[in-house]
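*Asks:* heads up, no residue letters with this:
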């Protein structure tokens, strides 16, 4: 497993932990589905898409040690 894959796995685990502490079961399931899609929206989502990723959500930021 690469360092990036390890960091992504850690981030996913952290997001799910926070979701379990703060959301109901149906919201947790929705969060899990969203995380499975990826950390950024995919093009076929109905939500507005932007070209810029906030600094806190960029792959570079999340992979800093």
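*Replies:* The structure has been received and is ready for your questions. Since the structure is predicted, the reported quantities are computational estimates derived from the model, not experimental observations.

*Asks:* Low-confidence bits of the protein, can you list those?
*Replies:* Applying pLDDT under 70 to the chain flags the ranges 39-65.

*Asks:* what do you get if the cut-off is 80, keeping everything else the same?
*Replies:* Where the chain drops to pLDDT under 80, the residues are 1, 37-65.

*Asks:* biggest helix in it by residues?
*Replies:* Longest helix in the chain by number of residues (criterion: DSSP state H): helix 3-22.

*Asks:* what packs against that one?
*Replies:* Applying 3 or more C-beta pairs under 8 Å, 6 or more residues apart in numbering; DSSP states H and E, one finds that helix 3-22 contacts helix 25-37, helix 59-62. Bear in mind the C-beta positions are built from the backbone N, C-alpha and C, glycine included.

*Asks:* So which bits of the longest one are buried?
*Replies:* Yep, that's helix 25-37 we're talking about. Neighbour-count burial for helix 25-37 flags 31, 35 (criterion: 16 or more other C-beta atoms under 10 Å).

*Asks:* Mind listing residues that contact it?
*Replies:* With C-beta atoms under 8 Å, 6 or more residues apart in numbering as the test, helix 25-37 has contacts from 12, 15, 16, 19, 20, 23.

*Asks:* Skip the chain neighbours and tell me the closest residue to the second one.
*Replies:* Going back to what we said before, that points to residue 15. residue 35 (6.0 Å; C-beta to C-beta, 6 or more residues apart in numbering).

*Asks:* could you check the distance from the one you found over to residue 11?
*Replies:* Note on residue 35: its distance to residue 11, by C-beta to C-beta, to the nearest Å, is 9 Å.
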